[in-house]
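*Asks:* When you get a sec, could you give me coordinates for this:
(chains A and B)
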Amino acid sequence: DTGVSQDPRHKITKRGQNVTFRCDPISEHNRLYWYRQTLGQGPEFLTYFQNEAQLEKSRLLSDRFSAERPKGSFSTLEIQRTEQGDSAMYLCASSSRVGSGDEQFFGPGTRLTVL
Amino acid sequence: RKEVEQDPGPFNVPEGATVAFNCTYSNSASQSFFWYRQDCRKEPKLLMSVYSSGNEDGRFTAQLNRASQYISLLIRDSKLSDSATYLCVPKGGYQKVTFGTGTKLQVIP
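*Replies:* Model (predicted):
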């Protein structure tokens, strides 16, 4: 399967713990996005990378959230001192401007539950 | 005004019916437009891209009206398998991407 993959698929944690999620984009895609989605809402943009550079970050992303893409391939999203309000589906998407018109392809998501 | 507005529905339609959804956007600089389909508790999947006035793919037709800043999605001959939430995504020259909240479609036997 050469699509976007995310790990883990589900994470249950206690309030105050740190969690880290991983996203592996489609191999030839240089753009990578993180989103958060709660029930009944569309995906909310969190941050965007072009290669290893983080080019945009939403105001939704508090200082407890950090994302990296050190070698321009996979990316990690870390949430420190989790809160119950962080419970959501965290989606990763990748795209490539060349040829495809920059359509984004999504991974299956990581569902986070903070107790 | 919200960046992207969609009627959340649900739209309950019988099999075989034609149904249309609208999506309005506020950023006049938006250059490309996408419709995604999302099944319950699954990730969004790209349905259609719209770069000029419209696009057609089988039973699905997307229309773009830049003057009025809306895009529409028309589904003909609805199937039970079309039941899902349809998300509208206008994309500007910058990279921040704003999704609509989606329109829920339920096709009834």
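
*Asks:* looking at chain B, which helix or strand is least sure?
*Replies:* Comparing helices and strands within chain B by mean pLDDT, DSSP states H and E singles out strand B:54-57 as the least confident, with a mean of 89.

*Asks:* what comes up buried for whichever helix or strand comes after that strand?
*Replies:* Using DSSP states H and E, the helix or strand that follows strand B:54-57 towards the C-terminus is strand B:60-65. Within strand B:60-65, the residues that count as buried by 16 or more other C-beta atoms under 10 Å in any protein chain shown are B:F60, B:T61, B:A62, B:Q63, B:L64. The way it works is simple: take the backbone N, C-alpha and C, and place the C-beta from them, glycine included.

*Asks:* same question, stretch A:35-44
*Replies:* A:Y35, A:R36, A:Q37, A:G42, A:P43, A:E44.

*Asks:* Let me know whether that stretch sits next to chain B.
*Replies:* Yes. Using C-beta under 8 Å from any C-beta of the partner chain, stretch A:35-44 reaches chain B at A:Y35, A:G40, A:Q41, A:G42, A:P43, A:E44.

*Asks:* for the residue of chain B found nearest chain A, helix, strand, or coil?
*Replies:* Closest residue of chain B to chain A, C-beta to the nearest C-beta: B:F99 (3.5 Å). Judged by DSSP: H, G, I helix; E, B strand; the rest coil, the three-state class of B:F99 is coil.

*Asks:* cool, B:S68 as well?
*Replies:* B:S68 - assigned by three-state DSSP - is coil.

*Asks:* can you list the residues of chain A near chain B?
*Replies:* Residues of chain A lying close to chain B (C-beta under 8 Å from any C-beta) are A:31, A:33, A:35, A:40-45, A:48, A:50, A:55-56, A:58, A:91, A:101-109.

*Asks:* And the buried ones among those, selectable in ChimeraX?
*Replies:* Only the buried entries of the residues of chain A next to chain B go into this ChimeraX selection, using 16+ other C-beta under 10 Å:
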select /A:31,33,35,42,43,44,45,48,50,56,58,91,102,103,104,105,106,107,108,109
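
*Asks:* if you average pLDDT over stretch B:90-104, what comes out?
*Replies:* The predicted model assigns stretch B:90-104 a mean pLDDT of 78.

*Asks:* now swap in stretch B:7-15 and tell me
*Replies:* Per-residue scores along stretch B:7-15 average to 94.

*Asks:* Outside of it itself, list whatever touches it.
*Replies:* With contact meaning C-beta atoms under 8 Å, 6 or more residues apart in numbering or on different chains, stretch B:7-15 is reached by A:40, B:19, B:21-22, B:78-80, B:101-109.

*Asks:* Same question for stretch A:40-57.
*Replies:* The contact list for stretch A:40-57 (C-beta under 8 Å, 6+ apart) reads A:30-37, A:58, A:60-61, A:65, A:67-72, A:75, A:77, A:91, B:4, B:8, B:44, B:87, B:94-102.

*Asks:* Check stretch A:68-80 too.
*Replies:* With C-beta under 8 Å, 6+ apart, stretch A:68-80 has contacts from A:18-25, A:27, A:30, A:32, A:34, A:46, A:49, A:51-52, A:54, A:64-67, A:86, A:90, A:92, A:112.

*Asks:* any idea how far it is from the chain center?
*Replies:* 8 Å (C-alpha atoms, centre = their mean, to the nearest Å).

*Asks:* Which members of the contacts of stretch B:7-15 are positioned in helices?
*Replies:* Residues of the contacts of stretch B:7-15 located in helices (DSSP state H): none.
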